[in-house]
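*Asks:* dropping the sequence and predicted coords here.
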Amino acid sequence: MKRERHTMDEIFRWPLLLGGLILVGLASALFGDDGWDALSWATLAIPLAVLGWKASRRPHLPGS
């Protein structure tokens with residue numbers, strides 16, 4: 001069985017993007033008020049939505 005090779009960009013693209021969203025959300029919640037609170041809610045909700053979406057999907061089984 002041959003394994004597909006992935007580049008570093010393909011491997012770390014989504015974790016870095018989600019980590020950046022979390023960082024922006026936490027910083028805006030800490031340093032801002034009013035509109036910044038809405039930004040923090042939105043940026044912290046996106047990674048949670050992605051986790052929920054990925055958890056609800058059936059795992060991909062090789063060979064099926």
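*Replies:* Arrived safely. Residues are numbered from 1 along each chain as shown.

*Asks:* any idea which residue sits dead centre in the protein?
*Replies:* By C-alpha atoms, centre = their mean, the chain has its centre lying nearest to L18, at 3.2 Å.

*Asks:* how about the nearest residue to it, chain neighbours excluded?
*Replies:* Excluding the flanking residues, the one nearest L18 by C-beta to C-beta, 6 or more residues apart in numbering is P47, at 4.6 Å. Where C-beta positions appear, they are placed from N, C-alpha and C, glycine not excepted.

*Asks:* now do the contacts for that neighbour.
*Replies:* By C-beta atoms under 8 Å, 6 or more residues apart in numbering, P47 lies in contact with L18, L21, I22.

*Asks:* quick check, nearest of those residues to W53?
*Replies:* L18 (12.1 Å; C-beta to C-beta).

*Asks:* wait, the closest one sits on A49?
*Replies:* No - taking contacts as C-beta atoms under 8 Å, L18 lies outside contact range of A49: 10.5 Å.

*Asks:* elements contacting the longest helix belonging to the chain?
*Replies:* Counting residues, the longest helix found in the chain (DSSP state H) is helix 8-31. In terms of contacts (3 or more C-beta pairs under 8 Å, 6 or more residues apart in numbering; DSSP states H and E), helix 8-31 is packed against helix 35-56.

*Asks:* buried sites along the helix it packs on?
*Replies:* L39, S40, T43, L44, P47 (16 or more other C-beta atoms under 10 Å).
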